[in-house]
Each structure stands twice: as C-alpha cells, then as structure tokens.
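**Student:** All I have is the shape, not the residue letters:
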C-alpha cells in the first residue's frame, strides 16, 4: 500500500471513487478524502448524511489509504447539525425522536473515536457545532485563514457533544474552553491555532496547494508505523472518550425534550435569535 | 429563572443583598457577585472569611442567578491565606491546629469543585496563593492588565492546594506549571492569559465596564443549558478533583507541622523573606 | 540539606564528582548535574549510556542536592538513541534483541517517572528522539534559542516512547502533538516554548549564565517543600505513566521486529533517508 511516484499517480489521475448521496469520497496518492457535498446548505449535516459519514469512515478504515482527510465542498467547511432534523416529529413523539437522535449521535461520534488511521481536517471555511467539537478527535487540523470556529450550544438551549466537554478543556484549559462551549464565543482560525485546536493556519490563496503538498508527503511515510502510533496515542483515553460520549448524549436527549431548548430552536427558526 | 428584559431589571436596580462580615454579596441582572471586602488587608482570607465564602457559594448555588462572580474590593484581588491564621496556636497545639486548618481548606476547595453554575473570576488586581490556585476550578477568568498571579508556596515551606497540582499542569503543561508551583514565579496577566489560566485581559481603564457588559449578556442565555453544560464538563473529573484536594490537604497538614515550614513563616514575619 | 551561603559554596568550589564512562556527574551549589559526555557522537545514547544514566539518576535521588540538572557536552543536547544499538544482533536473534532493548527502555523511562526531586533540562543544542520525548517528565526545560526538538519515529518505522504518547497531547493538544509524534515535524526552541514543552528560551550568548544564576537561586529554596511539591504533582498520574510506558514499550518491541522498521533503519544507514 506504499503509494507510487508522482509519475505513476499522474497516470491514474482519477483515483478510486465510491458513490454517496451527500458526500464525495475519493482515494488518491494514499489519501482517502471525505468531502461534505451539500454546498448550497453550507454542508449542514442531515440524518442521512450522519449515516453516510459513518459508512465512509468505516470504508476508509479498511481501504489501502494511509491517511484520511475530511473537508467541505464550497465556501463552508460545515454549518453543523441541520436543525431541520428536529422539525419532523415522528409517530413516537418528541421523546422517541430525541432517543433516536441520541443513538445516531452516539454512533457518529464513536466512528471518530474508533478511527484507526491518521485523520486530518482540512477546514476550508467556517465550521459550526458538531463539525467543530469532533475536531478534538482528529490528529491534524489545517485551516484557511478565513475559517471560523463556533459552537453556539447554550444559545440553542443545548449542550456540548463530540467529546468536546472533555477534549476542549484538555486542549486549551477550562478558562478558554468555557467561553466556547458555554458562552458561544466564535474563534478565528488564528485564535483556534493559538489555543491548540488547529495545527496550522494558511493564507486562503495558497491553502489547498500547501496543505495537499504536505499531506501527500506525509502519506508516503511507513503506513503501519503511522497507524500504530495514532492508535497508541488514542488508546490512552479510549475508554474515557466512550464514557464522555455517553454522558454528552444522555444530557442532550434530556435537553432536546426540554421547553428551554424547544423555545430556543423556535426562536432561531422565527429569525429572533441570531447565532 | 429566565431573568427579565433590561427594562424589568432597571425597575429593580438595587438587587438583593445579604449581609456578611467580610464579604459584599449582591444579586443583580441574573448575576450573584461575591466581593472580598477587606481591602485594607489586601483581601487576605481569615478563618472567618473562609467560612463566609463557603456559605456565600452555597447560597449562590441555590438562588435564582444564572452566573456567579468572584472579585475583590479595592486595588487587590486577594493576597491569599492570611498568615495570621497560623499565629494563634490553639490548646491542642500545632498538630491540632494543622488538622483543623486542613479540614477548613478541604471544605473550602470542595465548595468550588461542587459549584453547579458558571463561576467567573473578575480579577481586579494582584492575586496571591489560594486565590490563584482555585482559578483552575473557575469557568471564566477575566483580568485587568494590572493583575499578577503568584503562588509562593515553597518560599513559605508549603505546597500547592486548590487542586492546582492537578489543574495547572493540565492547563499549561508541567514545564510552565512547575515554575509557578515549585519556584514561585510571578506571572503578569498577559502571561497568565497566554498559558490558559486567564480567559482574557482588559486594559485597566475599561476593565469593569467591558467585563460587566459581557457578563450581563451571558447571564441572559438559557440558564439550564448553561448550568447543565458546566456540570457536564465538571463531571468528567469531579472524582479526580476530590482525590487531588484530599492529597493536597494531607501534604499541607504534614508541611504545617514541619520545622522547615515553621522557620520559613517565621522569616516572613520577621521581614527576612520577601515574597 | 539546606545548602549554605554563596561564601561557603565558594570555599568548596570543585563540588563532588563521581566517575562515569559516558557522563560527567558533578554536585555543586545544591545542584547535581548529569552531563551527557559523548560530544563527538552528538551525545547519542548507547546501551552502556542508558545504564549509566539510570545509575546517575538513582545516585542523584539519594544525594544531598536539591535540584538535578540534565544537559549535554558540546554543541548538541542529545541526538537520541544510537542506532548502532540495533546493528549487533545477539545470539537469541532479533526477537531476543527487541525484548532486551524493550526492558532497558522501560527501566530507563521509569527512572524519570520515579525521580523524587525537581528535574531540570538545560537544552544546550539540538535534541532528537528519546531526549525530546522524556522532556514531558521533567519539571523545568530551559533551552538556548539554537535548540531544536525532533522526534522522527515514523520515518524510522517506529513509534513514540518516553511517555510522550500521553504527555505531549496533554501538554500541547493532539493537533500539535501528532505533527511531532506521527509526522516528524521539527520544532524550533521558540515553537516548543509556545507549545508548553519548554519553560523558557534564552539567547545562546547568555544562555548558560542566565540559566545557572536562576537555578542556583532556586536551589536555595526549602528542599523538602520542593521535593514534596514535585512528588505531589507527579503522584496524580504516576500509575498512568507506568501504564503508558508499558504500552509504548510493547508497541516498540513489535515495531523493532517488523519488516517496515527494519527497512526504514536500513535506508537510514544507507543514507537514503534523511531525517
């Protein structure tokens, strides 16, 4: 699986490609790229999309690639959970909907916790909500200088997920993490880099070329050494991350069935709340 | 408990007020403020004051406020433990005094660990000793640019408390934390902010107005979402914090009865040691 | 053990000195200094040297000194594991060699975990591999501005050790740690300081005088208070560090017997790979 020279790669320019409805997934130069492909909706994540991302991560875990990259199509990286997910109340009522949404969220975050190879976020624009919180589970996070990082949970009557209630205080300390997770502070890419959430920031004009040049070089390193090193680091806190994921999901299920959360989301849809 | 509009708040300008001997405690705009009120002693904390702060925190935990703020009257935030606490040896002798002081310290720090709402430090001037170490248990720390942060434990023959032996290395790494906790390094507000102990630093001239404007806005967010999010973050390490508190208190009781500590504190009172 | 005035110290200028083959170990002004003394080999650590360092640390733990310093002779701090350690395959074959090397590594790292006094790295030049990873187990790390920090594990088909798979993410967050531990990123001293791996950086011209002036002052602090404070901080994660050390060693033993690692080290000796 050790990749070829760039000449060989040029002879096979397209790479392999699997078809998803909401994602573009390609493998080239030892790198599998999962691209959120709903640019007209700022790559907001629908229920179908959560399921497709889990499937794409499972597939990437098993393929021949050395590194897996996550990125967004268009100007946004990802605007987070599609709040329309909450507008179709199923037969079982709100309690049932909250329980199902919780199960999906738990499965989604677990796919990141368990991912066995180096996982890289190429943050091409603004990132919101769950697309920010799971960044604490990535190995590298590269951002364009136009990216922003925003987790407006309390404004929507909700609470943190993606293991961020554990990873963010660990990365940046509670005094910085609370302003993001409790008080909705939006960070610039440079701020997120200073706090350790982002590995490095690049000028937007050269972002794609600089990042991909670097990633192609990284993808030529000994693949087992990379995967086993990443798993070694992750193994130190895997049980802890499972427990955090469970606790966050339980709290959110409780939140989703509360009047406070219902009213906050209604205000959002009525244009009263500005995030 | 969702607070009112600012018009309603303006109609009740004084806020509620409870009487303490050493503190000023007020509630206004959904914010309970606990102000250390011994400015002529640089807000050094006496035995009475430890007990009053614990009572004020318990009261704030149960009241209608959304956020609780800690600050100091006058030019100092807090000069730490009042060393006169060590000059009145009770009947039971030094061992008994050390055990009582240890029990009080354990209870004091536990009140911060258990506090259920967002807790904010408004650091209006120099902070010393235990007023610095417990900052690792706050959710937000705002500081004037004239503030300093100093924990001269080893100089006084003592050791770290307030869970700082755990929170400081977690926030800033051991290489930075040791210079504070072992080697008495005094930090400026900007340095403390770079290391993650402080959320943000403001110019002294606009400190109070900028901070309170922000806090009043934060205090209008959904209160349950804030409290539950804070408790979620804290729950990840609550058992750990209890154990750290116990270990620190045990070590200090041993220190307080040592010749090394006795001699260091005597030197301080004789003006030989300059902190 | 409380040290003397500088006048007394001046009367005993030479300090004590123990003879090692590969180290210079001296005690002066309450400070025991362990200096790697193989400057012609950039202080690369041979099997003998690992054993001597363990012995020197055990001796420093028991002597009268207050602080222990680690540094390198010549222009390099340390170029890491001497890869010639891998070229003498013993009778038992590669499996046996890997097992023995693993046991030595475990013992070596354990000596840092268990060290009972403040341990200071005076990083006088480039640092590579295991001399970098164990820095997470030091209490203070001072660096000349000419120092660099490089852990090219995956390039050599290996994986992280020295507890860095745990300490580095804790100190700097996963997004920064992975670029060092997985992708071989070399840091400047200033970068390492910003990430919290280094306490402070000094201009090379005044490095030695500034650092030793400070350390001599630190070594006059109450010695029990210093040692007990350091042990208090370490006690919070000692069991965790033992477990991390074991996991890292097991993974490396597996790596050392893999074709991937064998080929990567061969490429290095054949000059094909440039670190």
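**Tutor:** Looks like it arrived, so ask away. Model, not experiment: these values are computed from the prediction.

**Student:** only C-alpha atoms for contact and neighbour calcs from this point on.
**Tutor:** Fine.

**Student:** right, is stretch A:238-256 up against chain B?
**Tutor:** Yes: judged by CA under 8 Å from any CA of the partner chain, stretch A:238-256 and chain B are in contact via A:244, A:247-248, A:251, A:255.

**Student:** Same list, those residues, but as CSV with neighbour count and pLDDT please.
**Tutor:** Shown next, in CSV, are the residues of stretch A:238-256 next to chain B (neighbours: other CA atoms under 10 Å in any protein chain shown; pLDDT from 0 to 100):
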residue, neighbour count, pLDDT
A:244, 23, 98
A:247, 19, 97
A:248, 24, 97
A:251, 19, 96
A:255, 21, 94
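
**Student:** Strands - which of those land there?
**Tutor:** Using DSSP state E, no member of the residues of stretch A:238-256 next to chain B falls within strands.

**Student:** so can I have CSV of the residues you listed showing distance to chain C?
**Tutor:** Below are these laid out as CSV (distance: CA to the nearest CA, whole Å):
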residue, distance to chain C
A:244, 17
A:247, 22
A:248, 21
A:251, 25
A:255, 29
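
**Student:** I'd like to know which of those residues is nearest to residue B:181.
**Tutor:** Nearest to residue B:181 among these: residue A:244, at 29.9 Å, using CA to CA.

**Student:** so that closest one makes contact with residue B:236?
**Tutor:** Yes: between residue A:244 and residue B:236 a contact is recorded at 7.2 Å, counting by CA atoms under 8 Å.

**Student:** joint contacts of the two?
**Tutor:** Taking CA atoms under 8 Å, 6 or more residues apart in numbering or on different chains as the contact rule, residue A:244 and residue B:236 both touch A:165-166.

**Student:** quick one: the helices in the stretch 1-150 of chain A?
**Tutor:** Using DSSP state H, counting those that start in this stretch, the helices of the stretch 1-150 of chain A run over A:6-11, A:47-62, A:93-113, A:130-133.

**Student:** Would you mind finding the most buried of the ones you listed?
**Tutor:** helix A:130-133 (a mean of 24; mean count of other CA atoms under 10 Å in any protein chain shown).

**Student:** so how many other residues sit close to residue A:85?
**Tutor:** Neighbourhood size, residue A:85 [other CA atoms under 10 Å in any protein chain shown]: 14.

**Student:** export the helices of the stretch 1-150 of chain A to a markdown table and tack on distance to residue C:263 and mean pLDDT?
**Tutor:** Listed next are these as a markdown table, based on distance: least, CA to CA, whole Å; pLDDT from 0 to 100:
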| stretch | distance to residue C:263 | mean pLDDT |
| --- | --- | --- |
| helix A:6-11 | 22 | 36 |
| helix A:47-62 | 24 | 97 |
| helix A:93-113 | 31 | 94 |
| helix A:130-133 | 39 | 98 |
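
**Student:** re the thing from before, just the ones of the residues of stretch A:238-256 next to chain B in helices?
**Tutor:** Secondary structure from DSSP state H places A:244, A:247-248, A:251, A:255 of the residues of stretch A:238-256 next to chain B in helices.

**Student:** Of all the helices of the stretch 1-150 of chain A, which one is nearest residue C:157?
**Tutor:** helix A:47-62 (20.2 Å).

**Student:** now that closest one against helix A:93-113, angle please.
**Tutor:** With axes from the mean of the first three to the mean of the last three CA atoms, to 10 degrees applied, the angle from helix A:47-62 to helix A:93-113 works out at 20 degrees.

**Student:** Tell me which residue is most central in chain A.
**Tutor:** Computing the C-alpha centroid of chain A and ranking residues by CA atoms, centre = their mean puts residue A:131 first, at 3.8 Å.

**Student:** Contact partners for it?
**Tutor:** By CA under 8 Å, 6+ apart, the residues touching residue A:131 are A:78-80.

**Student:** Would you mind measuring from it to chain B?
**Tutor:** Distance, residue A:131 to chain B, using CA to the nearest CA, to the nearest Å: 18 Å.

**Student:** for chain A, what are the low-confidence residue spans?
**Tutor:** Applying pLDDT under 70 to chain A flags the ranges A:1-18, A:272-275.

**Student:** Write out the residues of it neighbouring chain B.
**Tutor:** Contact residues, chain A versus chain B (CA under 8 Å from any CA): A:154-155, A:157-160, A:165-166, A:169-176, A:178-179, A:181-183, A:244, A:247-248, A:251, A:255, A:260.

**Student:** Distance to residue B:135 added to the helices of the stretch 1-150 of chain A, as TSV?
**Tutor:** Below are these laid out as TSV (distance: least, CA to CA, whole Å):
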stretch	distance to residue B:135
helix A:6-11	53
helix A:47-62	39
helix A:93-113	31
helix A:130-133	24
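
**Student:** if we compare those, which one ends up closest to residue C:71?
**Tutor:** Comparing the helices of the stretch 1-150 of chain A by CA to CA, helix A:93-113 comes nearest, at 39.0 Å.

**Student:** Show me what that closest one is packed against.
**Tutor:** With contacts taken as 3 or more CA pairs under 8 Å, 6 or more residues apart in numbering or on different chains; DSSP states H and E, helix A:93-113 sits against helix A:47-62, helix A:238-256.

**Student:** Run the angle between it and helix A:238-256 for me.
**Tutor:** Here helix A:93-113 runs at an angle of 160 degrees relative to helix A:238-256 (the same axes, to 10 degrees).

**Student:** I'd say residue A:25 and residue A:31 touch.
**Tutor:** No: judged on CA under 8 Å, residue A:25 makes no contact with residue A:31 at a distance of 10.4 Å.

**Student:** Regarding residue A:198, what is its secondary structure?
**Tutor:** Classification of residue A:198 by DSSP: H, G, I helix; E, B strand; the rest coil places it in coil.

**Student:** what about the residue nearest to residue A:38 when sequence neighbours are not counted, distance to residue A:59?
**Tutor:** Once flanking residues are discounted, residue A:38 sits nearest to residue A:22: 6.3 Å by CA to CA, 6 or more residues apart in numbering or on different chains. Distance, residue A:22 to residue A:59, using CA to CA, to the nearest Å: 15 Å.
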